[in-house]
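Peer 1: Generate a structure from the sequence data that follows.
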Amino acid sequence: MASLDFEHEKNTFRSYYESNRKHFFAAKNAYIRIIGSLIKRLGLDEVTKVEGRVKNQEECIKKFHRKYQNRLEADEQPYEIKDFISDMIGIRIVCLYQDQIALLSEILQQHFKILAVSDKASSMESSEDSFGYKSLHMDLALNDEMVSRPKYQAYANNPFEVQIRSLIQDAWSVLDHKIKYKKSIPSALKRRINILSALFEMADREFMEIRNATTELMQQETVPLISEMPGDLGEPAGQAANGTRTVDAFNFLRIAGHFFRDFEFDDYKADEFVHEILKMESGLQKSDLHKCMTEKLKTVRDYRDHYLKENPDKTFSPYTSIRHCLYLYDTEKFGTILSKRTKERFAGWLNQLRSRYD
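Peer 2: Numbers count the residues shown, from 1 in each chain. Purely as a prediction, here's the structure:
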């Protein structure tokens, strides 16, 4: 029975919390599974974390006291503390980039019942004197379709809060809790905290811009596709041809993908491989690499077939083929791209090949 006796309501809430503790944790785990499955099904690989917690009972009481008690008692409105704790169960979703927060919010709104939405980012940006983490908070409940399923019926009356943050916002929230004094502080210290907060926000935006720029570069290097005509690099509009661009990870992937269509080049490995090439020849042009592959790949493929026939337990990857092509293209500049034993074996085969035509 609701009352205006805070001590009585605290004890009532503690009893309620203890008797339902296991149920709260079961509900939390169920919500993590539901959201995790939803994210996996939709292929949102840039979500890095889905985790949950059950709020400590004393924290619940403190929150009620801080936010609701005075107003309710001033209005002489009886209360039960449990009715005012919407975040007893909390789920946190962390994504890589800031602009994915809205996407995740939209997806959750399509699959759950929305009780309330609070955009901490907007409220923080509206006040120069506010510090703290930015994230989107949503109070959710299972929708009617989910509640109709037997395995979820037990959680029909358990709303939960979801916090959606970018990776940078999540990092800031951890550090923000370590800053003990943020309200009544000297203006000089307040400015320093403001600067720190701005640096995190700038990092968040820069990571997003770097992602966008990377995507744009990849599109430039893959649309249109390389022409089948040797020597035609199929340069995107506005880019000069005939070797005016140094090899980088983007155009390497384009050229390598053209010559090895059935092989999936890993981005990170390609980046390291290009770095290795440029340490040997920093001025290697995109057109040079294309020419090298066009002129030398047939010979290298013949060698690969010979090598694999004699060594059926070995492999000869596209990276190995490209190494042999570069070595054959310029043995002086790319003399170290193959190991000593590999070079000797390749040179021996080349000598045998030449002797057939002498």
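
Peer 1: can we go C-alpha only for contacts and neighbour counts from here?
Peer 2: Fine.

Peer 1: could you pull out the strands for this structure?
Peer 2: 47-54, 89-95, 113-119, 136-141, 160-166 (DSSP state E).

Peer 1: could these go into CSV alongside mean neighbour count, mean pLDDT and distance to residue 304?
Peer 2: Putting these into CSV (neighbours: other CA atoms under 10 Å; pLDDT from 0 to 100; distance: least, CA to CA, whole Å) gives the following:
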stretch, mean neighbour count, mean pLDDT, distance to residue 304
strand 47-54, 17, 95, 41
strand 89-95, 23, 95, 44
strand 113-119, 14, 89, 59
strand 136-141, 22, 93, 55
strand 160-166, 24, 94, 47
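
Peer 1: how does the chain divide up, domain by domain?
Peer 2: 6-207, 227-357 (automatic domain parsing).

Peer 1: of those domains, which approaches residue 218 most closely?
Peer 2: Among the domains of the chain, the nearest to residue 218 by CA to CA is domain 227-357 (5.8 Å).

Peer 1: Kindly provide the whole-number mean pLDDT of that closest one.
Peer 2: In this model, domain 227-357 has an average pLDDT of 86.

Peer 1: before we move on, back to that, could I get the strands of the chain as CSV with distance to residue 213?
Peer 2: Output for the strands of the chain, formatted as CSV (distance: least, CA to CA, whole Å):
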stretch, distance to residue 213
strand 47-54, 20
strand 89-95, 19
strand 113-119, 28
strand 136-141, 26
strand 160-166, 19
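
Peer 1: Residue 327 is nearest to which of the ones you listed?
Peer 2: So among these, strand 47-54 is nearest, using CA to CA, at 41.1 Å.

Peer 1: what's the angle from the closest one to strand 160-166?
Peer 2: If you take axes from the mean of the first three to the mean of the last three CA atoms, to 10 degrees, strand 47-54 sits at 150 degrees to strand 160-166.

Peer 1: what residues does strand 47-54 touch?
Peer 2: For strand 47-54, the surrounding residues in contact (CA atoms under 8 Å, 6 or more residues apart in numbering) are 24-25, 28-29, 32, 35-36, 39, 88-96, 167.

Peer 1: Give me the distance from that strand to the chain's centre.
Peer 2: 14 Å (CA atoms, centre = their mean, to the nearest Å).

Peer 1: what lines up beside it in the sheet?
Peer 2: strand 89-95 (antiparallel) (DSSP bridges).

Peer 1: relative orientation of the partner strand and strand 136-141 in degrees?
Peer 2: Going by the same axes, to 10 degrees, strand 89-95 makes 140 degrees with strand 136-141.

Peer 1: who touches strand 89-95?
Peer 2: Residues contacting strand 89-95 (CA under 8 Å, 6+ apart): 24-25, 27-28, 31-32, 46-55, 101, 158-167, 170.

Peer 1: The same query, at a cut-off of 6 Å, please.
Peer 2: Residues outside strand 89-95 that contact it (CA atoms under 6 Å, 6 or more residues apart in numbering): 28, 46-54, 160-167.

Peer 1: Same check on stretch 288-303?
Peer 2: 325, 329.

Peer 1: please renumber so the chain begins at 642
Peer 2: With 642 as the first residue, the last one maps to stretch 929-944.

Peer 1: Return the residues in contact with residue 779.
Peer 2: Here residue 779 is in contact with 757, 758, 802, 803 (CA under 6 Å, 6+ apart).

Peer 1: Surely the third one is in contact with residue 780?
Peer 2: Yes: distance between residue 802 and residue 780: 4.4 Å, which falls inside the contact criterion (CA atoms under 6 Å).

Peer 1: what residues are shared contacts of the two?
Peer 2: With CA under 6 Å, 6+ apart as the test, residue 802 and residue 780 reach no residue in common.

Peer 1: so how far is residue 989 from residue 683?
Peer 2: Computed as CA to CA, to the nearest Å, the residue 683 to residue 989 distance reads 53 Å.

Peer 1: my bad, residue 661
Peer 2: Per CA to CA, residue 661 is found 77 Å from residue 989.

Peer 1: How about residue 645?
Peer 2: 94 Å.

Peer 1: These two - which one has more neighbours?
Peer 2: residue 645 (16 against 11; other CA atoms under 10 Å).

Peer 1: mind listing what the spatially closest residue to the more buried one that is not a sequence neighbour touches?
Peer 2: Among residues not flanking residue 645 along the chain, residue 719 sits closest, at 5.0 Å (CA to CA, 6 or more residues apart in numbering). Going by CA under 6 Å, 6+ apart, residue 719 touches 643, 644, 645.

Peer 1: so can I have a markdown table of those showing pLDDT and distance to residue 654?
Peer 2: Compiled in a markdown table, the contacts of residue 719 are given as follows (pLDDT from 0 to 100; distance: CA to CA, whole Å):
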| residue | pLDDT | distance to residue 654 |
| --- | --- | --- |
| 643 | 92 | 11 |
| 644 | 93 | 12 |
| 645 | 92 | 13 |
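
Peer 1: nearest to residue 851, of the residues you listed?
Peer 2: Distances from residue 851 to the contacts of residue 719, taken by CA to CA, are shortest for residue 643, at 54.6 Å.
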